[in-house]
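Colleague: A structural model of the following input is requested.
(6 chains)
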Number of protein chains: 4
Amino acid sequence: MARLTANAKTRARERLLQAAATRFAADGFEAASVNTISAEAGFAKGTVYNYFSSKDELFGEVIRTACERAVRIWSQAPSSGSLRARLEALAAADVQVLREQEAFMQVLVREAMSFRPQTYSLILAHLAPFLDAVSGALEQAAAEGRLRDDLPPEQLALMFLGFLVLLYIQHWGSGSVWPPLDEVPALATTLFLDGAGRSSRDEREIQP
Amino acid sequence: MARLTANAKTRARERLLQAAATRFAADGFEAASVNTISAEAGFAKGTVYNYFSSKDELFGEVIRTACERAVRIWSQAPSSGSLRARLEALAAADVQVLREQEAFMQVLVREAMSFRPQTYSLILAHLAPFLDAVSGALEQAAAEGRLRDDLPPEQLALMFLGFLVLLYIQHWGSGSVWPPLDEVPALATTLFLDGAGRSSRDEREIQP
Amino acid sequence: MARLTANAKTRARERLLQAAATRFAADGFEAASVNTISAEAGFAKGTVYNYFSSKDELFGEVIRTACERAVRIWSQAPSSGSLRARLEALAAADVQVLREQEAFMQVLVREAMSFRPQTYSLILAHLAPFLDAVSGALEQAAAEGRLRDDLPPEQLALMFLGFLVLLYIQHWGSGSVWPPLDEVPALATTLFLDGAGRSSRDEREIQP
Amino acid sequence: MARLTANAKTRARERLLQAAATRFAADGFEAASVNTISAEAGFAKGTVYNYFSSKDELFGEVIRTACERAVRIWSQAPSSGSLRARLEALAAADVQVLREQEAFMQVLVREAMSFRPQTYSLILAHLAPFLDAVSGALEQAAAEGRLRDDLPPEQLALMFLGFLVLLYIQHWGSGSVWPPLDEVPALATTLFLDGAGRSSRDEREIQP
DNA sequence: AATGAATGAGTCTTCATTCAT
DNA sequence: GATGAATGAAGACTCATTCAT
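Modeller: Residues are numbered from 1 along each chain as shown, chains lettered A, B, ... in the order given. Below you'll find the predicted structure:
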């Protein structure tokens, strides 16, 4: 068989990536088997190697793809409005990504949390657009003095992302019971901005 | 060599556990090699099996030991005082555990985040004492109306632990640059109680 | 190498089975090494596992194959004629099997005699056709009163098979000196029917 | 601990031999574990090596002991009387050995049938006294013309022993159901002397 | 004499990867 | 381009054996 159209080739590649994401998410990098991935994508054993030069590269591509897709959706989130609204919109965008690409996101989370140095920085690099968007929103708020000033916006952005991830883990760990995905954006935002304490929140909602 | 004193045997076991924790932390369960662990503990290949019946059991014992040590230290944290003080004390206890048993804590974090169902529940079970302590502090505060009431204390406790873990991951991911470990307790507590928003914190400190 | 013809694949499998039979015959199940078998079949270490899922399965297939081949040849033995003639024909068929598949037969004998329960019943099950043929011949003779009646034909059939095996063991144990294989059928038959005593055999040799 | 009396030392050795026989009988040479044997004899792991220099030697001693005990009992069988009576007496002696030393006899049978050349000749060598006794009885009968003359007495003796073994295997294989041990001597003798044929000894050869 | 901790050769098995078809 | 047979490195685990105590 020869000469697939570029199109067909792309579709084959995507099938492989999807299967790989599913496997990596479920089993982790080491325990996932290339053969199984190939089979679940509908191919024979060796076929993955026509598209990816090694398991490592395949894994890297899954990460890259996951980030790319995420960024594409995030970038459509509004870049104006109140801080709270913008954060919630970004979080909602992230949740939407998660819904559409659950396996990919699980790989991302799983591997980000396992701090293999290579993987960790790989992921952070790819997440830059999201972090930048969050940082942007935070910086503006900081300039207006509506943000704690003991931490730089970049670090706060990272924490915000971390909160999202924590809620995802809870979601998966609880068997999708709590929190339900649609509550995640509001929950992440309010936890992030307001914390768990109370008295603090009395006149909070006045914020624009 | 026969007839080690019980003491010597315990020390050998600890060496193995320590080596295992280090390896599991660095490589993850799958990628860690039993042979390497044995070698790094100063033993020959098969010697681990004089102490643990399988890689799985070895791993389980690492988890158990990590939790046990953690709980021992946590339990010394004061169980009275203001919510903020108690949380900070618990966090400080946790950080102390981390300092003393960094590898063990990394295994805990890494595996808790990788949601292998078996491991996840294993860890949660062993962390119960810490979560209970946090829950206890939170419940009291909730009863006094000083806590957001849209989330049950147990879930908030889990989030608090999650915050700690996020900061640890940041710490490790940044090459121990930020946050430094001594800032973690305060940081986790204030982020958790007060959030990142600002105006919110004006009269906060009135809390007992 | 991909896409072997079914034929080539079958041949590879047979090479492995042959090598396995030889090894199992020489060393017994436990002492035989899968790696060695693979090597002696002309393959690399892991290749056996492309054809058999475990050492146990490989062993089982050797047994199954041995029995299958044996039965195929036995079934061509004539099912009529005098008892003596039929028994001798069956024995001759068995000896022919042994000639063609010596290693396989040795495995059969060796393992049948080692009464590992699993193996023992496995073998007996596969030998049923032979035992049935012998039983058939014996039953007829018994009906005609020409057989000792203190033992049921099935048990006598088992004894007949046992006699054959005894002679094989002698043959192998003596370094193929005595009895030579071509004498085995007559020897087994006459020992079985007539015993070693004499008076009994006075005019026996008149037989056709 | 030092200086066992020779007596105590002998007893320890016997315990080890008994445990070894049991294990070897049940599991075969390879699968039997030295540690288990030691434990079942009531000793710790390494202790076997104070009595036997290797697993191989331990095995050899089990064989040797089994034969020795057998021979001691056989030698008490009467050496006169009719051929039939003498054979039955020898068989009865053998059965008695089996009753008293079942494990040892099973090892003997199991290993004799597995034709590892070393083991096979080892066993035959040790069984010589029994074979000699049988041969002796047979020779006398042969001299009197009451035995088939196409086989030398030594080989017939071996066959007789083989018959016994076949019946033992049947006995063990059937879960001690058939044949019961007390029937074995008569059965072996009559099968050996008279065969399975019937009228046999009358006008047997009329068969077509 | 007995112990049992330590050893390390050797076993089965898995799986990423190659490459002839 | 796809296939899947073959490869062989690597890993978990077993167990006979040694020897300090």
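
Colleague: How about the helix or strand of chain A with the lowest mean pLDDT, which residues are buried there?
Modeller: Using mean pLDDT, DSSP states H and E, helix A:117-143 stands out as the lowest-scoring helix or strand of chain A, at a mean of 83. Buried positions in helix A:117-143, judged by neighbour count with 16 or more other Cβ atoms under 10 Å in any protein chain shown: A:119-120, A:122-123, A:126-127, A:130-131, A:133-135, A:137-142. Placement of C-beta: from N, CA and C, glycine included.

Colleague: tell me what that helix is packed against?
Modeller: Helix A:117-143 sits against helix A:55-74, helix A:83-100, helix A:102-112, helix A:153-173, with contacts defined as 3 or more Cβ pairs under 8 Å, 6 or more residues apart in numbering or on different chains; DSSP states H and E.

Colleague: what's the closest of these to D:N35?
Modeller: When the helices and strands packed on helix A:117-143 are compared by Cβ to Cβ, helix A:55-74 sits nearest D:N35, at 40.5 Å.

Colleague: anything in that closest one near DNA strand E?
Modeller: Yes: Helix A:55-74 is in contact with DNA strand E by Cβ under 7 Å from any atom of the strand, via A:55-56.

Colleague: contacting residues around that helix?
Modeller: With Cβ atoms under 8 Å, 6 or more residues apart in numbering or on different chains as the test, helix A:55-74 has contacts from A:16-17, A:20-21, A:24, A:29, A:34, A:37, A:48, A:52, A:90, A:93-94, A:96-97, A:100-101, A:104-105, A:107-108, A:111, A:119, A:122-123, A:126-127, A:129-130, A:133.

Colleague: Now a PyMOL select for only the buried ones of those residues.
Modeller: Only the buried entries of the contacts of helix A:55-74 go into this PyMOL selection, using 16+ other Cβ under 10 Å:
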select buried, chain A and resi 16+17+20+21+24+29+34+37+48+52+90+93+94+96+97+101+104+105+107+108+111+119+122+123+126+127+130+133
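
Colleague: one step back: so which of the helices and strands packed on helix A:117-143 is the most packed in?
Modeller: helix A:102-112 (a mean of 23; mean count of other Cβ atoms under 10 Å in any protein chain shown).

Colleague: Relative to A:V34, how far out is the residue of chain A found nearest chain C?
Modeller: Chain C sits closest to A:G46 of chain A, with a gap of 7.6 Å, by Cβ to the nearest Cβ. According to Cβ to Cβ, to the nearest Å, A:G46 and A:V34 sit 9 Å apart.

Colleague: Also A:A141?
Modeller: Between A:A141 and A:V34 the distance is 46 Å, computed by Cβ to Cβ.

Colleague: Where does pLDDT dip in chain A?
Modeller: By pLDDT under 70, the low-scoring segments of chain A are A:1-4, A:115-118, A:198-208.

Colleague: Pull up the residues of it that are close to chain C.
Modeller: Contact residues, chain A versus chain C (Cβ under 8 Å from any Cβ of the partner chain): A:G46.

Colleague: center of chain A - which residue?
Modeller: Chain A has A:M105 as the residue nearest its centroid, 5.1 Å off, counting by Cα atoms, centre = their mean.

Colleague: In contact with that residue, which residues?
Modeller: Neighbouring residues of A:M105 by Cβ under 8 Å, 6+ apart: A:66, A:70, A:97-98, A:168.

Colleague: dump the residue contacts of A:V95.
Modeller: Listed by Cβ under 8 Å, 6+ apart, the contact partners of A:V95 are A:181-182, A:184-185.

Colleague: again, only this time at 6 Å
Modeller: By Cβ atoms under 6 Å, 6 or more residues apart in numbering or on different chains, A:V95 lies in contact with A:181, A:184-185.

Colleague: same check, this time on A:G195
Modeller: By Cβ under 6 Å, 6+ apart, the contact list for A:G195 reads B:192-195.

Colleague: Make TSV from the residues you listed and add secondary structure to it.
Modeller: Formatted as TSV, the contacts of A:G195 follow (DSSP: H, G, I helix; E, B strand; the rest coil):
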residue	secondary structure
B:F192	helix
B:L193	helix
B:D194	helix
B:G195	coil
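
Colleague: Which one of the residues you listed is nearest to chain D?
Modeller: Relative to chain D, the closest of the contacts of A:G195 is B:F192; by Cβ to the nearest Cβ it sits at 54.7 Å.

Colleague: Could you give the number of residues near the closest one?
Modeller: B:F192 has 24 neighbours, counted by other Cβ atoms under 10 Å in any protein chain shown.

Colleague: That one against B:L161, yeah?
Modeller: No: with contacts defined as Cβ atoms under 6 Å, B:F192 does not count as touching B:L161, sitting 9.8 Å away.

Colleague: Spell out which residues of chain A are next to chain B.
Modeller: By Cβ under 6 Å from any Cβ of the partner chain, the residues of chain A that approach chain B are A:30-31, A:110, A:113-115, A:120, A:146-148, A:156, A:162, A:166, A:172, A:192-198, A:200, A:204.

Colleague: Repeat the analysis, applying 7 Å as the threshold.
Modeller: Contact residues (Cβ under 7 Å from any Cβ of the partner chain) of chain A with chain B: A:28, A:30-31, A:110, A:113-115, A:120, A:145-148, A:155-156, A:158-159, A:162, A:166, A:169-170, A:172-173, A:191-201, A:204, A:207.

Colleague: ok, which of these also contact DNA strand E?
Modeller: For DNA strand E, the contacts drawn from the residues of chain A next to chain B by Cβ under 7 Å from any atom of the strand are A:A31.

Colleague: Which of the three states applies to A:D150?
Modeller: A:D150 ends up coil, using three-state DSSP.

Colleague: Look at it and say how many residues are nearby.
Modeller: A:D150 has 12 neighbours, counted by other Cβ under 10 Å.

Colleague: Any figure for the gap between the spatially closest residue to A:L147 that is not a sequence neighbour and B:A41?
Modeller: Spatial nearest neighbour of A:L147, excluding adjacent residues (Cβ to Cβ, 6 or more residues apart in numbering or on different chains): A:A141 at 4.7 Å. The gap separating A:A141 from B:A41 is 51 Å, by Cβ to Cβ.

Colleague: do A:I37 as well
Modeller: From A:I37 over to B:A41 the distance is 35 Å, taken as Cβ to Cβ.

Colleague: can you check A:A6 too?
Modeller: 54 Å.

Colleague: what about these two, which has more around it?
Modeller: Set A:A6 next to B:A41 and count neighbours by other Cβ under 10 Å: B:A41 wins out with 21 against 7.

Colleague: Compute the number of surrounding residues for the closest residue to the more buried one other than its chain neighbours.
Modeller: Spatial nearest neighbour of B:A41, chain neighbours left out: B:A19 (3.9 Å); criterion: Cβ to Cβ, 6+ apart. Using other Cβ under 10 Å, B:A19 is surrounded by 23 other residues.

Colleague: check contacts around B:A19.
Modeller: When the contact criterion is Cβ atoms under 7 Å, 6 or more residues apart in numbering or on different chains, the partners of B:A19 are B:37, B:40-41.
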